[in-house]
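*Asks:* Please work out how this folds:
(one chain, ligands or ions: 2)
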Amino acid sequence: MGQAKSNEVQNPAELEKPWRDFNWAQKEELKKRLTDFTLNDPNMKYIGILVAGQIGAGKSSFINSVQNVFQGRITSSALADSCSGSSHSFTKQYITHHIRNGSKGSLLPFVFRDIMGMEPEKLCGSSTEDIVSAVFGHVKEQYKVDPQSPLTIESPDFNRDPNLSEMALCLVYILDADKVQLTDDRLIEKLQTVRQRISEKGIPQVIVMTKVDEACPLVKNDLRKIYSSKKIKDKMELCSAKVGVPLNHVFPVKNYSYEIDTKDDIDVLILKALDQIVHLANDRLEIIQGMDVQ
Ligand SMILES: Nc1nc2c(ncn2[C@@H]2O[C@H](COP(=O)(O)OP(=O)(O)O)[C@@H](O)[C@H]2O)c(=O)[nH]1
Ligand SMILES: [Mg+2]
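*Replies:* Ligands and ions are numbered 1, 2, ... in the order given. Now for the predicted structure:
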């Protein structure tokens, strides 16, 4: 009993102070930075970002959440699956989502691409080959993933000569905070295979850890406790270790799910993750362009 009590004191659910500095008042500044953002190649209209992860982890919801931040309202361009916990993937086609600044505003210079979710079992969900092909721009728009047979160079949906906009210059792994400790090792192996294949080509990788509200009651109650929740810190460390992405590339978010209005605290976490993703992608673009010049 005494032992349990002293552990509780040593290991409280809430840390004394946040372990990561986070400015909750930076929403407008981040939004401006992203709407003013220009690509390192003036000839390109946009850069691509691919989201990958297990079915139901919140990939479509993350894309929608980004859209919501810039629209200032709840949208549903990348349909999220309202049947939570379902084992099938709602997203079956490979689709590009453009992000618009305001309802009549211009398109922002980055797009998200969503592919069928992954599953632990062999020949289920998107294969590692298809995800790697998508990163390298070989997958044509509206390609329907067939878990039984990954895309090959002979397939009509295989883009043999992709341009830079068709490639992904950042891969975002979407992981569910509430389930990460239960994630099947076979799925982690698939993610690691993808990571190794694309790391060789220097494609930056980020983890967006979703459902922080479901993973921690403290955070559900007050999103601003996200960086003082011991549970969230542990889960972020677990995500980092499992996939092999450094902790400073792990961003916890609460996606829009049941809300009917946007909220500044939700927005600012989404914007912070997005700011990092987009700038890493743009850095990568600069390196690729530099290589071309040499
Ligand atoms: N509470 C909560 N629910 C979420 C969050 N992100 C996604 N969801 C819900 O999880 C379910 C699956 O999300 P979805 O975006 O369709 O997952 P996908 O298969 O990866 O595209 C949906 O019911 C979402 O509303 C989150 O951060 N918090
Ligand atoms: Mg989806």
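
*Asks:* I figured residue 259 was touching residue 74, is that so?
*Replies:* Yes: the pair formed by residue 259 and residue 74 meets the contact definition of Cβ atoms under 8 Å, at 6.5 Å. Backbone N, C-alpha and C define where each C-beta goes, glycine included.

*Asks:* Of all residues in this structure, which one is nearest the centre?
*Replies:* With the centre of the chain defined as its mean C-alpha position, the nearest residue by Cα atoms, centre = their mean is residue 172, 3.9 Å away.

*Asks:* mean confidence score for the strand or helix carrying it?
*Replies:* Element membership of residue 172 [criterion: DSSP states H and E] is strand 168-176. Mean pLDDT, computed over strand 168-176, is 97.

*Asks:* The helix or strand just after it and ligand 1, are they touching?
*Replies:* Elements were assigned by DSSP H and E; along the chain past strand 168-176, the next helix or strand is helix 185-199. No: using Cβ under 6 Å from any ligand atom, helix 185-199 stays clear of ligand 1, with a minimum separation of 12.7 Å.

*Asks:* One more: stretch 251-258?
*Replies:* Yes: Stretch 251-258 comes into contact with ligand 1 when judged by Cβ under 6 Å from any ligand atom, the residues involved being 254, 255, 257.

*Asks:* quick check, nearest of the residues you listed to residue 148?
*Replies:* Nearest to residue 148 among the residues of stretch 251-258 next to ligand 1, counting by Cβ to Cβ, is residue 255 at 30.4 Å.

*Asks:* biggest helix in the protein, by residue count?
*Replies:* Among the elements of the chain assigned as helix by DSSP state H, the one spanning the most residues is helix 264-293.

*Asks:* which helices and strands sit right next to that one?
*Replies:* If you count contacts as 3 or more Cβ pairs under 8 Å, 6 or more residues apart in numbering; DSSP states H and E, helix 264-293 packs onto helix 27-35, strand 47-53, helix 59-71, strand 168-176, strand 205-210, strand 250-252.

*Asks:* Return the set of buried residues in that helix.
*Replies:* Using 16 or more other Cβ atoms under 10 Å as the burial criterion, the residues of helix 264-293 that qualify are 266-278, 280-282, 284-285, 288.

*Asks:* Tell me the buried residues in stretch 41-55?
*Replies:* Residues 41, 46, 47, 48, 49, 50, 51, 52, 53, 54, 55 are the ones in stretch 41-55 that count as buried (16+ other Cβ under 10 Å).
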